[in-house]
Structure formats: structure tokens, C-alpha cells
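Engineer: Curious how this folds, go ahead:
(chains A, B, C and D)
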There are 2 protein chains.
Amino acid sequence: MNFPRVGPMIDESNSTGKVTGRRAALRHVTEEKIFIAAETVFAQAGFGGATMQLIANLSGIAKPNLHYYFGSKELLYRAVLQRIFRMWLRAAEVMDDASTPAEGIGGYIDAKMEISRLNPNASKVWANEVMHGASMIQDCFKDAFFEWTSARISVIERWVAEGKMLPVNARYLLYLVWASTQHYADFGHQITILNHDTPLSDVEWETAKRSVKELVLRGIGAELNY
Amino acid sequence: MNFPRVGPMIDESNSTGKVTGRRAALRHVTEEKIFIAAETVFAQAGFGGATMQLIANLSGIAKPNLHYYFGSKELLYRAVLQRIFRMWLRAAEVMDDASTPAEGIGGYIDAKMEISRLNPNASKVWANEVMHGASMIQDCFKDAFFEWTSARISVIERWVAEGKMLPVNARYLLYLVWASTQHYADFGHQITILNHDTPLSDVEWETAKRSVKELVLRGIGAELNY
DNA sequence: GTCTATATTTCGATAGAC
DNA sequence: GTCTATCGAAATATAGAC
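Structural biologist: Below you'll find the predicted structure:
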């Protein structure tokens, strides 16, 4: 699977053609700071509401340097999206290695819930991009995203054919898993409000994870052995 | 249930204290045009990315008149949110009247899927607000939202106590239903991309609806009688 | 109630010294 | 590579004629 390069547009090689390790390392550290701050700001305010000044303040990098590193607000946004997409794909590797739906889909739900818990901003940036037209996804990840989804659907359909689970529609099952796990990141503020203005505790988070997993696995006829 | 008044801040009575029917009707028509246009623009661009100029163009109302009717961009946004909240609450009435989980939760899923299909912009505006901090919800609907959710959880817990469904956690079941139905509105663009750049057809939409409903009802041990 | 014209603010982006 | 200062564009909001 190949990804169109939309990241930092400045080559990591210098004008002589050699890579200067010192500079490359410094660039990497600075880029990481910018990435984390940008992800937070884009998640909290959306692309339109985000400002380069906010990203500069949060990252501790002067505003003109953001342009120096990423060229423009839009290119920075695309780089952030690409990072998120990569992490998102990795979460599904558990499905490919599993031999049973309980293991594969149950593990995928665990992985997605873990991402929602540890990287809520990443999930929000993605959700925001999709809601507002997904034009960057269309431009950059469309083919890779389509092929990746098709492959995962094939895995599920094979399990159905092998009689390891009930004949549910694989595509809409996948959508339900995405929705119900990412909900805990994207709608985290709503969940907090409904939890007496307190973020979910460790115990509550485990209960939520188990609830989603049990309900889905039972819904597809692939109960875990408790 | 009472809602804090955050709508149009201009009284519908004139300075003499009497309501002039002609003016009130005209005001209502104009407000409706603004509401629909604002909902579309806020859904497509978020609060930060939305501009009063876009709303003016789409509604056919001159930009200064938007301020005349709603005071400010933020007050207009709050009024739009309140409208959405009301519609959202109505969809759950089917749960209160039902005597079985299959009827109540199945009907609720149908109603939410129907809203996602017919009012995708409304769902997106709400999702956007929640993702970006839900501060307006905190200010305006927090108590009503909390009490409404608690009441629905009680209904589900009663069904569990009566042995009409498996002992699932009612709160996280509700979240899963919200997430998996609103996904079809909020992530509509993503679903279209994965559907060969074609919006779901009537048949596909019915399949999706049935998939969600069957999976959830089976997951809570309340299968429909097919 | 409506609209033209404009005031005021804020943001993305850049020039240029260091 | 970094930062101060600033430009030019675009946004919210309003003044004031009709």
C-alpha cells in the first residue's frame, strides 16, 4: 500500500545532496512539536477555527517558522491527517492475523477503543475532516482507504463463509465498529457531561469497552468464551 | 422538560405590547430561511469556518439582516443548536411508549436512522459542537440533556429487570445506538467514498438500517420476530 | 425592515534583520 | 534556523440612508 506524499515539503537532504544528521534530527524534533500542537488545535477548533497563532503558542514555535516548516496552514493540516491515517491503519493489523471473529473483531474493537482513549484529538481531526466534505481525503488517501476497507471486508466475509459467525453484512458491521468505538473520542465531551462532568474513570472505561465488545460479538454470533 | 430560551432574542411583541400577526408571520418565514441556510453552512464549515456572508448568500437574506434577526453569529448558532436538540428529543418518544426492547430500541434505531438520512446537516452541527468542546451545550442544554438521558436509561434498565433483554449496560448501549446511527449522517462523505463515490441508494440504506437494528437487537437478546 | 458602505478586528503569510 | 514587524485579505459588526 503506498501513500501519496503530502508531508513536509522540504527535502531532508541539503543542497549538496547529503543528509546532515544533526539538522535532520533537529528538524524532526521541531516537526514533532508542531504536529502535536497542530493536532490539538485542529481537534478543538476545526480547520476553519484553528489559527496559526494558536498552534505557534501551543508548540512554542514562532508563527513564521510554522510556514517555514510546512509552507501553509493547509499543508500542515494535510500532514497531520496523514499521520492519523497511518495510525488508524495499524490498528486493524490484528484482524488480518486472527483466525476467529471473536479474536479478530474483538481485538480490533480493543485497539480502536485504546486509540480513542489515548489519541482523542487524532480521531476528532479525522471526524472533522470527513464531516466537512472529506476533500483532503479524496485528494490524498482515497484509493488507499478504499482498498484497505475492501480487504477488511473480505476478511469478515471469509469468516461468514466458513460459518464462524452469522451472515451479517460485513461493510455495515465495519461501520458500526468504527462508529461505536470512535464515539468515545469524538463525543468525549458529551460523555463527560453525562457522567456528572467527570471523564470516564479507568473502571468505567473498561466497562464501556467490554459493553461494546460483548454486544457486537453477540450480535454477530461470535461470543467470547467467558 | 423546559429549555432555556436561547432563540431569537427579539420579542415577538411590538412596542405597544400587542402581537402584530402580519409582522410575526413574516419574521417566522425569514427566520426559517435563515435557519435552514445556517444549518447547512455550520454543518459544512463548522462554527469557525462558517461566515455570515455564506449564510446570507445561501438564504438570500442580506448580511446585516442576519444580525438584525439574531444579534450575532454566536446567537444564531445557539438558536440552530436548540432546534436540532428539540428534533433529537422527539425521536426517542417511541422508546417511552414501547413495551418491549425490540419495539422500543428497534423503533428508536429506525427513527435515528431516518433523521440521519433526512437531516444530515443537523446531526453534523451537533457532532461538531460536541467535538469542539460542547460549551454551548454546557451553557444551554446541560440539565435537560442529562435528565433526558437518565430517563431513557431507566427505561432500558426496567426492561432488563423484567427479563425482557440481556443485562447489558444501558448507558453504553445508548451510546452505541447514538454512534452507529448518527455515523450515517456525520460520516456520510466517508461512506460515499467507500461506496464508489455514490451516495447510498434506497436499497443500500434499507440494508444498512436493517444491519444496525438486527445486530443491536441480537446483541441485547431481543431479536425481532422475522 | 432592508440594504449600501464602512469601521474594526483578526488571520495567513512574508520581508528582512540576526 | 529563528524572530520582530508588518502587509494584505477577509471576517464580524455597525452606521445611517431609504
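Engineer: Check A:G21 and give its pLDDT.
Structural biologist: pLDDT recorded at A:G21 is 76.
Engineer: Tell me the buried residues in stretch A:107-127?
Structural biologist: A:107-113, A:115-117, A:119-127 (16 or more other CB atoms under 10 Å in any protein chain shown). (C-beta placed from N, C-alpha, C; glycine too.)
Engineer: same check, this time on stretch A:197-207
Structural biologist: Neighbour-count burial for stretch A:197-207, counted by 16+ other CB under 10 Å, picks out A:L200, A:E204, A:W205.
Engineer: out of the residues you listed, which one sits closest to DNA strand C?
Structural biologist: A:L200 (32.0 Å; CB to the nearest atom of the strand).
Engineer: Return the subset of the buried residues of stretch A:107-127 lying in helices.
Structural biologist: A:107-113, A:115-117, A:120-127 (DSSP state H).
Engineer: how does chain A divide up, domain by domain?
Structural biologist: Following automatic domain parsing, one finds the domains of chain A at A:21-82, A:91-219.
Engineer: roughly how far apart are the closest residue to A:T100 other than its chain neighbours and B:S201?
Structural biologist: Counting by CB to CB, 6 or more residues apart in numbering or on different chains, A:K164 is the residue found nearest to A:T100 once chain neighbours are left out, at 5.9 Å. Noted for A:K164: a distance of 30 Å to B:S201, by CB to CB, to the nearest Å.
Engineer: How about A:H196?
Structural biologist: 43 Å.
Engineer: how many neighbours does the residue nearest to A:T100 have?
Structural biologist: By other CB atoms under 10 Å in any protein chain shown, the residues close to A:K164 number 17.
Engineer: for it, what are its contacts?
Structural biologist: A:T100, A:P101, A:A222 (CB atoms under 8 Å, 6 or more residues apart in numbering or on different chains).
Engineer: For chain A, what lies in contact range of DNA strand D?
Structural biologist: A:R23, A:L26, A:R27, A:T30, A:I61, A:A62, A:K63, A:P64, A:N65, A:Y68, A:Y69 (CB under 7 Å from any atom of the strand).
Engineer: Where strands are concerned, which of those count?
Structural biologist: Nothing among the residues of chain A next to DNA strand D maps onto strands, per DSSP state E.
Engineer: So which of those residues is the closest to B:Q53?
Structural biologist: Distances from B:Q53 to these, taken as CB to CB, are shortest for A:K63 (26.2 Å).
Engineer: Do I have it right that A:I61 meets A:E32?
Structural biologist: No - using CB atoms under 8 Å, A:I61 makes no contact with A:E32, being 10.9 Å away.
Engineer: okay, those two: which has more neighbours?
Structural biologist: A:I61 (18 against 11).
Engineer: any idea how far that one is from DNA strand C?
Structural biologist: With distances taken as CB to the nearest atom of the strand, to the nearest Å, A:I61 is found 12 Å from DNA strand C.
Engineer: I'd like to check which residues are in contact with the residue of chain A found nearest DNA strand D.
Structural biologist: Here chain A gets closest to DNA strand D at one residue, A:A62, 3.3 Å apart by CB to the nearest atom of the strand. Each residue near A:A62 by CB under 8 Å, 6+ apart is listed here: A:A56.
Engineer: quick one: low-confidence parts of chain A?
Structural biologist: A:1-20, A:225-226 (pLDDT under 70).
Engineer: in the longest helix along chain A, what's buried?
Structural biologist: In chain A, taking DSSP H as the definition, the longest helix is helix A:21-49. Neighbour-count burial for helix A:21-49 flags A:30-31, A:33-49 (criterion: 16+ other CB under 10 Å).
Engineer: What is that helix packed up against?
Structural biologist: helix A:52-59, helix A:63-70, helix A:73-90, helix A:120-131, helix B:21-49 (3 or more CB pairs under 8 Å, 6 or more residues apart in numbering or on different chains; DSSP states H and E).
Engineer: Surely A:I156 and A:A98 touch.
Structural biologist: No - assessed by CB under 8 Å, A:I156 is found out of contact with A:A98, at 10.8 Å.
Engineer: Same drill for those two, tell me which one is more crowded.
Structural biologist: A:I156 (23 against 17).
Engineer: What separation is there between that one and chain B?
Structural biologist: Separation of A:I156 from chain B (CB to the nearest CB, to the nearest Å) stands at 12 Å.
Engineer: Excluding chain neighbours, what is closest to that residue?
Structural biologist: A:A170 (3.7 Å).
Engineer: what about the one you found, how many neighbours?
Structural biologist: Neighbour number of A:A170 under other CB under 10 Å is 21.
Engineer: what's it in contact with, if anything?
Structural biologist: A:I153, A:I156, A:E157, A:V160.
Engineer: 10 Å instead?
Structural biologist: Going by CB atoms under 10 Å, 6 or more residues apart in numbering or on different chains, A:A170 touches A:T149, A:R152, A:I153, A:S154, A:V155, A:I156, A:E157, A:R158, A:W159, A:V160, A:I220, B:S211.
Engineer: got it, and A:H189?
Structural biologist: A:P120, A:K124, A:P199, B:E129, B:V130, B:M131, B:H132, B:G133, B:A134, B:S135, B:I137, B:Q138.
Engineer: Could you find the two of those that are most distant from each other?
Structural biologist: Maximum pairwise distance among these (CB to CB): 18.5 Å, between A:P199 and B:E129.
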